[in-house]
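Requesting a structural model of the entry that follows:
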Amino acid sequence: MAACRRKHEVLDRKKTECWSGRIQNEGSSPTRLWRSMSSLLQRDKRTADVITPTNHDADAFLSYFDEKVRTVRAATDGRPPPAFTPATTESLSVLSPCSTDEVRQLIMQSPTKSCAIDPIPTFLLKELVDPLLPYITAMINAYLREGHLPAEQKRAVVTPLLKKPGLDADELKNYRPVSTLQPDIRVKLG
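Here you go, the predicted structure:
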């Protein structure tokens with residue numbers, strides 16, 4: 001276990017040294033620097049992994065999925081709402097603020113996945129966690145204090161994906177919408 005950890009530490013250090021040197025060497029050429037930064041941030045990979053070839057455009061998918069939702073709503077219109085029984089009589093009236101240690105631990109334990117709308121890739125956030133930690137902690141505590149997230153945190157990238165491999169890519173009914181949300185930091189409620 002310790003050998004595996006050392007191997008990862010050496011690999012991370014070497015990767016950081018490599019990219020730092022590359023960025024420093026290419027600083028005089030904006031084109032080459034931009035290409036390196038795109039590669040470092042994995043911008044090409046993030047979009048190429050999810051694209052399914054199709055003859056449809058975004059408007060066709062939007063119309064199809066919108067109509068599908070309307071159909072479900074029409075089929076359930078006028079029905080009584082489901083009956084819910086409360087699991088507990090306790091209510092949550094105050095959320096405890098998070099400490100920087102708790103936020104740091106949550107960030108470092110998060111999977112290193114990123115979304116195209118993320119302001120910073122997760123792997124970079126983990127590398128820069130210490131200088132960013134006071135700001136992230138303040139934002140989380142503000143969300144908890146105010147009881148809501150800003151609209152920017154509620155956006156998603158919706159990607160149509162084939163339901164099963166081998167289905168006809170030209171049939172809209174063979175797709176399902178997949179929403180990729182910005183990673184959130186789940187906070188233990190005290």
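
Contact partners for residue 18?
Residues in contact with residue 18, defined by Cβ atoms under 8 Å, 6 or more residues apart in numbering, are absent; none qualify. C-beta coordinates here come from the backbone N, C-alpha and C atoms, glycine included.

Could you chop this protein up by domain?
Under automatic domain parsing, the residue ranges defining each domain of the chain are 1-33, 42-58+94-190.

Name the stretch among those that sits most buried.
Comparing the domains of the chain on average neighbours per residue, with mean count of other Cβ atoms under 10 Å, the densest one is domain 42-58+94-190 at a mean of 13.

before we move on, back to that, in CSV: the domains of the chain, plus mean pLDDT and distance to residue 69.
Supplementary listing: the domains of the chain in CSV, determined by pLDDT from 0 to 100; distance: least, Cβ to Cβ, whole Å:
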stretch, mean pLDDT, distance to residue 69
domain 1-33, 76, 44
domain 42-58+94-190, 78, 10
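
of these, which approaches residue 82 most closely?
Checking the domains of the chain against residue 82 by Cβ to Cβ gives domain 42-58+94-190 as the closest, at 23.2 Å.

chain center to the closest one: distance?
A distance of 1 Å separates the C-alpha centroid of domain 42-58+94-190 from that of its chain, computed with Cα atoms, centre = their mean, to the nearest Å.

How about stretch 70-83?
With Cα atoms, centre = their mean, you get 31 Å for stretch 70-83.

ends of that stretch, how far apart?
Stretch 70-83 has its terminal residues 23 Å apart, counting by Cα to Cα, to the nearest Å.

Which residues does that stretch contact?
Residues from elsewhere that reach stretch 70-83, judged by Cβ under 8 Å, 6+ apart: none at all.

Identify the single longest helix in the chain, thanks.
In terms of residue count, the longest helix belonging to the chain (DSSP state H) is helix 2-25.

So which residues of the chain form strands?
Here the chain has its strands, by DSSP state E, at 156-162, 175-181.

who does the first one touch, helix- and strand-wise?
Using 3 or more Cβ pairs under 8 Å, 6 or more residues apart in numbering; DSSP states H and E as the contact definition, the elements that strand 156-162 packs against are helix 58-76, strand 175-181.

Next, format these as a markdown table and append distance to residue 114.
Conversion of the helices and strands packed on strand 156-162 to a markdown table gives the following (distance: least, Cβ to Cβ, whole Å):
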| stretch | distance to residue 114 |
| --- | --- |
| helix 58-76 | 22 |
| strand 175-181 | 9 |
